[in-house]
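Novice: model the following, please.
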Amino acid sequence: MDGNECRELVNEYSKAVVKLCGILMKILSVNLGLEEDYLQNAFGGDDIGACLRVNYYPKCPQPDLTLGISPHSDPGGMTILLPDDDVSGLQVRKGEHWVTVEPIPDALIVNLGDQIQVISNAIYKSVEHRVIVNSIKERVSLAYFYNPRGDLLIEPAKKLVSKDRPASYSAMTFDQYRLFIRKSGLWGKSQVESLKCSQ
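Specialist: The predicted structure is shown next:
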C-alpha cells in the first residue's frame with residue numbers, strides 16, 4: 001500500500017468513526033434525559049476535536065516489570081479503540097482489580113472519557129485503564145479520540161444539577177484540562193476526581 005492509499009484508508013476510517021461517535025452521543029444524551037443533540041452541541045456541534053493515534057507496543061522479555069501505558073482515564077470525550085485481534089493488552093479497573101479486555105474480531109471498544117463524566121455530573125464515569133505488554137508478541141492498536149472543541153467551557157448539564165445532586169465540577173475548557181493533565185501526568189483517575197467541587 002502506498003502513501004496515498006494509506007491516507008485514503010485512514011480518511012475513510014476517520015469518517016466512519018466520527019459518524020459512529022455522533023450516534024453514540026445521541027444515545028448517551030437521550031439516556032441522560034437530555035435533548036438528543038445536547039452532548040454533541042456541548043462538544044461544539046460539527047466543530048469537534050478528533051485525532052487518530054496508532055499505538056505500537058513491542059514485545060518485552062519481562063512484562064511484569066513494565067506497562068505499555070500507566071493507569072489513566074482519557075481526558076477527552078470518547079475513545080474508539082480498534083484493538084489488535086491477536087494480542088490482548090488493554091485492562092480496565094473494576095474495583096480493586098484489573099480485568100483484561102479480550103479482543104473480539106471486527107469489534108471496537110468504546111471508552112468514555114473525563115469530559116463525558118463532567119457533563120453528565122458523574123452519572124457516566126470515565127474508564128480507568130492501562131495497557132500491559134506481552135513477552136512473545138508485539139501489539140498494535142488504533143485509538144480514535146473524539147473530543148470537545150478546546151475553547152468551550154465544559155460543565156455539568158443544568159438539567160442534571162439539582163438541590164439533591166449539586167454540580168460535581170466547575171466549568172473548565174478542554175484546553176485548560178489538557179494543560180492540567182500535561183502538568184500533573186497520568187495518575188489513574190486522580191485528575192478528574194481532583195476537580196470535584198466541595199459539597
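Novice: C-alpha only now, for contacts and for neighbours.
Specialist: OK.
Novice: start and end of stretch 128-146, how far apart?
Specialist: Start-to-end span of stretch 128-146 (CA to CA, to the nearest Å) is 17 Å.
Novice: should've said stretch 159-178
Specialist: 26 Å.
Novice: same question for stretch 58-75.
Specialist: End-to-end distance of stretch 58-75: 25 Å, with CA to CA as the criterion.
Novice: so for that stretch, mean pLDDT?
Specialist: Averaging pLDDT along stretch 58-75 gives 74.
Novice: for K196, give me its contacts.
Specialist: K196 makes contact with 168-170, according to CA atoms under 8 Å, 6 or more residues apart in numbering.
Novice: kindly recompute the last result at 10 Å.
Specialist: For K196, the contact set (CA atoms under 10 Å, 6 or more residues apart in numbering) comprises 118, 121-122, 167-170.
Novice: out of those, who's the most crowded?
Specialist: Of all these, V118 has the most neighbours under the rule other CA atoms under 10 Å, reaching 28 neighbours.
Novice: check which element follows the longest helix seen in the chain along the chain.
Specialist: Criterion DSSP state H: the longest helix present in the chain is helix 3-31. The helix or strand immediately downstream of helix 3-31 is helix 38-43, counting by DSSP states H and E.
Novice: please put the alpha-carbon coordinates of that next one into CSV.
Specialist: Coordinates of each C-alpha in helix 38-43 appear next as CSV, following Å, rounded to 0.1, in the frame of the first residue of the first chain:
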residue,chain,number,x,y,z
TYR,A,38,-27.1,18.0,23.9
LEU,A,39,-23.7,16.3,24.2
GLN,A,40,-22.8,17.0,20.5
ASN,A,41,-23.7,20.7,21.0
ALA,A,42,-21.7,20.8,24.2
PHE,A,43,-18.7,19.4,22.3
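Novice: and the contacts of that helix?
Specialist: With CA under 10 Å, 6+ apart, helix 38-43 has contacts from 21-30, 32, 35, 45-49, 77, 115-116, 119-120, 146-155, 157, 174.
Novice: strands of the protein, start to end?
Specialist: Secondary structure of the chain (DSSP state E): strands at 49-57, 69-72, 78-82, 90-94, 97-100, 109-112, 129-131, 139-147, 153-154, 172-173.
Novice: sorry, back to before: are any of the contacts of helix 38-43 buried, and which?
Specialist: Buried by 16 or more other CA atoms under 10 Å: 21-22, 24-26, 28-29, 32, 48-49, 77, 115-116, 119-120, 146-150, 152-155, 157, 174, out of the contacts of helix 38-43.
Novice: coming back round to it: ok, the contacts of K196 vs I104, which is closest?
Specialist: A122 (28.9 Å; CA to CA).
Novice: and the closest one, its phi and psi?
Specialist: The phi and psi values for A122, taken as degrees, to the nearest 10, are phi 70, psi 20.
Novice: quick one, grab the pLDDT at the spatially closest residue to it that is not a sequence neighbour.
Specialist: Take A122 and drop its neighbours on the chain: the residue closest to it by CA to CA, 6 or more residues apart in numbering is S168, 7.2 Å away. Per-residue confidence (pLDDT) for S168: 92.
Novice: ok, the one 5 residues further on next?
Specialist: Per-residue pLDDT puts T173 at 93.
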